[in-house]
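> turn this into a structure:
(chains A, B, C and D, ligands or ions: 2)
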Amino acid sequence: MATPSPAQLRELALTEEEYQHAVRQLGRVPNQLELGMLGALWSEHCSYKTSRRLLSQLSSKGPQVVVGPGENAGVVDLGDGLLCCFKIESHNHPSAIEPVQGAATGVGGILRDVFAMGARPVALLDALRFGDLTDAAQRHRFAKVVEGVGHYGNCIGVPTVGGETYFDPAYQGNCLVNAMCVGLVTAPRLLHAVARGVGNPVLLVGADTGRDGIHGATFASVQLDEGAEERRPAVQVGNPFLEKCLMEACLELAGSSALVGLQDCGAAGLTSSCAEMARRGGVGIRLDLDQVARRELGMTPYEVMLSESQERMVLVVERGRVEEVRAVFDRWELRSDVVGEVIAAEELQISSSGEMVARLPLPVLVDGFLPRHPASSRPADVVRDLSAPPVTAGVPWTLEEAWLRLLASPNCADASWIYRQYDHQVGDDTVVLPGRDAAVVRLRGRRDGLAITVDGAHRSSLLDPRRGAQLAVAEAVRNLTCLGARPLALTNCLNFGDPDREEVMWQLEEAVAGLAEACRQLALPVVSGNVSLYNDLSGASIPPTPVVGVVGVVDDVHGIPGPGFVAAGDLIYLVGGEGAGLGGSELQRLLGGRVLGPPPELDLELEGRASEAVRQLVTERVARSAHDCSLGGLAVALAECCVEGSLGAVVRLADPPTPPDRGLGLLFGEGSGRYLLSVEPGSGGRMEEVCSAGQVPCFRVGEVGGELVEIVGLAQIPLAAAAEARLKGIAGAMEGPVL
Amino acid sequence: MTWRCGIAVFPGTWSERDCAHWVELAGGEPVMLWHAERQLKGADLVILPGGFAHGDYLRTGAIARFAPLMDAVRDHALAGGPVLGICNGFQILCEAQLLPGALLRNSCLQFRCQSTHLRVEATRGPFLAGLEAGRILEMPISHGEGRYYAPPEQLLELEAHGQVALRYCGPAGELGDEYNPNGSLQHIAGVMNREGNVLGMMPHPERACEPLLGSEDGLHLLRAALALVGAS
Amino acid sequence: MTLKPVVNDPQGLAVTQGLHALGYPEVLGTRVGKHIQLTLTARDRQGAESRVEEMCRRLLCNGVIEDFHFQVAEVGA
Amino acid sequence: MTLKPVVNDPQGLAVTQGLHALGYPEVLGTRVGKHIQLTLTARDRQGAESRVEEMCRRLLCNGVIEDFHFQVAEVGA
Ligand SMILES: Nc1ncnc2c1ncn2[C@@H]1O[C@H](COP(=O)(O)OP(=O)(O)O)[C@@H](O)[C@H]1O
Ligand SMILES: [Mg+2]
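Numbers count the residues shown, from 1 in each chain, chains lettered A, B, ... in the order given. Ligands and ions are numbered 1, 2, ... in the order given. Next comes the predicted model:
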């Protein structure tokens, strides 16, 4: 084959240098099919060639960890032989182009990652980012993404129990759609994505292979540009019904000794699933493409090997036991075909019509990519913006107005417009429904349950991506703590722009370092994750957006307190760190303009101690309600506690506000590490005792009761007005037809 | 003696396990019935659970109603045996013409998963016999196509024969569009056949069977039926 | 496959509203139905028509809410 | 409005399987799309055609996965 032209290489997302690197390692010129396979596996999406070096900072150590990164999903031990398996993944580019199907197939993909481990999916969550809802195109995209997420989860019968949504003009061109799945499996049924045993047959099961999604992996590894529409086939239509049957069949087989290894066909289709399974097992695989069931006539080997048709799985089965395995798929009316076998040579050998059409050594295909180290530098304007004072003098609103505006901001408001479109109860195990700080899924036959949350960095990440990533972890831990849960482990999705832009690379480096620090400090092993780069449109990158998913355990799923106040006369306590911190805050976002000022302080040690103390108070049921302060600060959190409990409150804050600030920082500052708890009047002593034993600041700030949410001397709003503002934030913006 | 509750499983069904849990809590014995089989394995009572049988492609329940199992369900129903269709099961019963009417896309054009109040309208038949008329039950719904429709003459007939079993209502039993989550005609949440032995409903009683899940009201329906089966 | 005229069509309404909002006030109404394309073998046109009619009645269309209408076209041997 | 030929059509697959199970083995394939009936005012056929074409492109059809095709018929003043 002649040396491919630069245009051909670009099509495969390979550089000239990478091409030469391939030729050197192979000792020959690869043919077109081989080049396509190399391009797909060496893409950022599959190889992590840019981020891998950074990700090694994340520790996956911990006595609870059973499987860390590197498999389809991470696994932690819940005791008594039960394991929990989870992962988060992005589907940003496909969702930007076809929001319903892009989001739906994102959910489909993450489900497959979890049941590929033999685990039954028990919960889904989604983290979403869009531009402003004042823009009709963004409303449309948002509505369609929610429809797509719901469509897949609702059809397949896995509850979507939580999520996180943020609107900011910075995501106008690139929406983010991250989906997380949590599953359960008993230890003996845990599966691995590995090929073993020379002579063992390789099966392809599920959907037929079509021309859709060819080059999806490379598609996710380049910027969206005006020509993106031309790569349309990269968007696929999912079939949740087929996946449901596939899931049941795979779970039925999970306990069987006939099954050696199981892997889903994700990005780069058959190429990556076979290559990775064989590589893990130190063997090779020979595939006969004539045995692959196709949806269309006339497909070339290239198309078959690189198709990303959804709802397919690859199995390695013990020799001689193919029929019993196929019987299970037959019963579910699913297609299953023997398409190859395990071989001793560490190669992927592809034959078609009796001819060998590709033959690639796995060390080259899987690990032979060139690691990339793009230059990074901190942009000068970030330095300037960091030291600028956050605007407070220019706030044109009274404190009451600002308060109500914040409550009605779609970022703080009631998210039920979203989650009422998701079946969040199927399975009969969701005991804390969406709408709270975290969701809880009970474990059958046990007293304990899983608490799950996803959280992301917001605007302060633009100023300080390291801090931003830490704030995301801290917030996730706080959300679990509010329910009395002990965080077990973390998964993450790193959504960034084009790493060849120096400031983006800097953001990525900083964010990963921040994530690593926070996880170390809070003793949270990172067991799985995903990187999504190139979230750019026309030269503008998204803000650095690390999203973390954390799974924790609540010892008793009965009587978990909510955020809402419970009874008039109860005492309100503010526990944890300092307030202030308007830099990068939601208030600043409402004012428009640049992100300025130092982002909120974060004391990870204090964060850890506060979490311990609050967990104890919640577990002992001393706290009758618990909620953390996040977007919109103390004032928004207080109003939420009131609205949720349909009770007013009177709160006094010690520090007197200074003139230009007027109390804005005190009310709406987003300082980290703070919780609002309420206790019965007689429990104040226990409250203070636990906090002082844990060296956690704790202030009695007020009492529950009345029809007002009042911060004495500063601002007061009627309970009903607060409730209405919160309710209309998203639902109000989405009134009227969205097609 | 325990009562056998057959639970139909089609490819795409997803609340069979929830139903089994509910049956057990109510004191019955769940038996899974695979769609390709032709007999009910001695079930006294048949539940068609929620889900997306055959993907609900084309129309909800359109393909499922031709399953071999449905012949056995039909025989059982025509012989007066109790049959309960929940959500997708209700849609299948309508397609199979064991219940009148059809279920259309929610008028809000969105899927809805939320808690609803239901007013008991009829107190006949195995599932509602134990309840007083006007009683309010709380149960979640979870569907995209639950808008009950029947042609005008048929609707009149349904009302005349007391076949409207449950209606969506407010917490105090009041009717209003704000309490109707899907635009169903006459706020209908559940209907039964003329004889009363076949009941179809969109809300999920099996999700309201424990205080921990927010409501126990779903147990009433099954306990009534199990008492009846046990007595006969 | 179209919804019977007496059946309320919220999807059609939403499309109409969407079109109005986009600047097409001339649209008086919209009804949304299904379009199914079947490829089948048959000895002749009549044979095909009677089979398709039957498929529509038995499976493709629900007579309670929908009307149907079809055309048969030859696509060659 | 029909799905583009390369796009997966799970609905069509399910309908085909359903028809086979019901005893119609002659069905080779099915594709399910949307049928939208618009009622609109226009000065003439050409005017109507260009407006409808625009509506299809802008709103009714998602060009990423769907193709469209339409016919205009007069229904009288
Ligand atoms: N996209 C979404 N999908 C499902 N639930 C969501 C989504 N966005 C927000 N929620 C739910 O709304 C509630 C509020 O979310 P959020 O404001 O992010 O909470 P917190 O500030 O405690 O992290 C949570 O229970 C969350 O699970
Ligand atoms: Mg929170």
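> show me what the longest helix seen in chain B is packed up against.
Counting by DSSP state H, the longest helix found in chain B is helix B:218-231. Helices and strands touching helix B:218-231, by 3 or more CB pairs under 8 Å, 6 or more residues apart in numbering or on different chains; DSSP states H and E, are strand B:3-9, helix B:16-25, strand B:45-48, helix B:125-128, strand B:136-143. Every C-beta, even on glycine, is put in place using the N, C-alpha and C of the backbone.
> show the subsequent helix or strand relative to the last one.
This means strand B:136-143. Counting by DSSP states H and E, the next helix or strand C-terminal to strand B:136-143 is strand B:147-149.
> the helix or strand just after that next one near chain C anywhere?
Per DSSP H and E, strand B:147-149 leads on to helix B:152-160 as the next helix or strand towards the C-terminus. Yes. Helix B:152-160 reaches chain C (CB under 8 Å from any CB of the partner chain) through B:P152.
> what does helix B:152-160 contact?
In this structure, residues lying in contact with helix B:152-160 by CB atoms under 8 Å, 6 or more residues apart in numbering or on different chains are B:P100, B:G101, B:A150, B:Q163, B:V164, B:L185, B:Q186, B:V191, C:V6.
> touching ligand 1 at all, stretch A:668-675?
No. Remark: stretch A:668-675 sits outside contact range of ligand 1, by CB under 6 Å from any ligand atom, the gap being at least 10.9 Å.
> how about low-confidence regions in the chain?
No chain was given, so I picked chain A. Applying pLDDT under 70 to chain A picks out residues A:1-2, A:215-234, A:579, A:656, A:659, A:736-739.
> wrong one, chain B
By pLDDT under 70, the weakly predicted segments of chain B are B:1, B:230-232.
> can you list the residues of it near chain A?
B:11-12, B:14-15, B:17-18, B:21-22, B:50-52, B:54-57, B:110-114, B:140, B:142, B:144, B:204, B:206-207, B:209-210, B:212-213.
> buried subset of the residues you listed, written for PyMOL?
With 16 or more other CB atoms under 10 Å in any protein chain shown as the criterion, this PyMOL line picks the buried residues out of the residues of chain B next to chain A:
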select buried, chain B and resi 11+12+14+15+17+18+21+22+50+51+52+54+55+56+57+110+111+112+113+140+142+144+204+206+207+209+210+213
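> which of the residues of chain B next to chain A fall within helices?
B:R17, B:D18, B:H21, B:W22.
> mind putting those residues in CSV, distance to ligand 1 included?
Output for these, formatted as CSV (distance: CB to the nearest ligand atom, whole Å):
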residue, distance to ligand 1
B:R17, 23
B:D18, 21
B:H21, 24
B:W22, 26
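> will you turn the residues you listed into a markdown table that also has distance to ligand 2?
Formatted as a markdown table, those follow (distance: CB to the ion, whole Å):
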| residue | distance to ligand 2 |
| --- | --- |
| B:R17 | 31 |
| B:D18 | 29 |
| B:H21 | 31 |
| B:W22 | 32 |
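> now for those residues: which two are most distant?
Spatially, the most separated pair among those is B:R17 and B:W22, at 9.7 Å (CB to CB).
> flag every residue of chain A that's near chain B.
For chain A, the residues in contact with chain B (CB under 8 Å from any CB) are A:147, A:150-151, A:154-157, A:239-242, A:244-245, A:332-333, A:419-428, A:431, A:442, A:557-558.
> put the buried members of the residues you listed into a ChimeraX selection.
Provided next is the ChimeraX selection string for whichever of these are buried by 16+ other CB under 10 Å:
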select /A:147,150,151,154,155,156,157,239,240,241,242,244,245,332,419,420,421,422,423,424,425,426,427,428,431,442,557
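> pick out the residue nearest the middle of chain A.
Centroid-nearest residue in chain A: A:I88, 4.1 Å away (criterion: CA atoms, centre = their mean).
> now the strands for chain C?
In chain C, the strands defined using DSSP state E lie at C:2-3, C:27-40, C:66-67.
> quick revisit: for A:P697, see how far away the residue nearest to the centre of chain A is.
According to CB to CB, to the nearest Å, A:I88 stands 33 Å off from A:P697.
> could you find the closest non-adjacent residue to the residue in chain B positioned nearest to ligand 1?
Here chain B gets closest to ligand 1 at one residue, B:C113, 10.9 Å apart by CB to the nearest ligand atom. Leaving aside its sequence neighbours, B:C113 sits nearest to B:S142 (CB to CB, 6 or more residues apart in numbering or on different chains; 4.3 Å).
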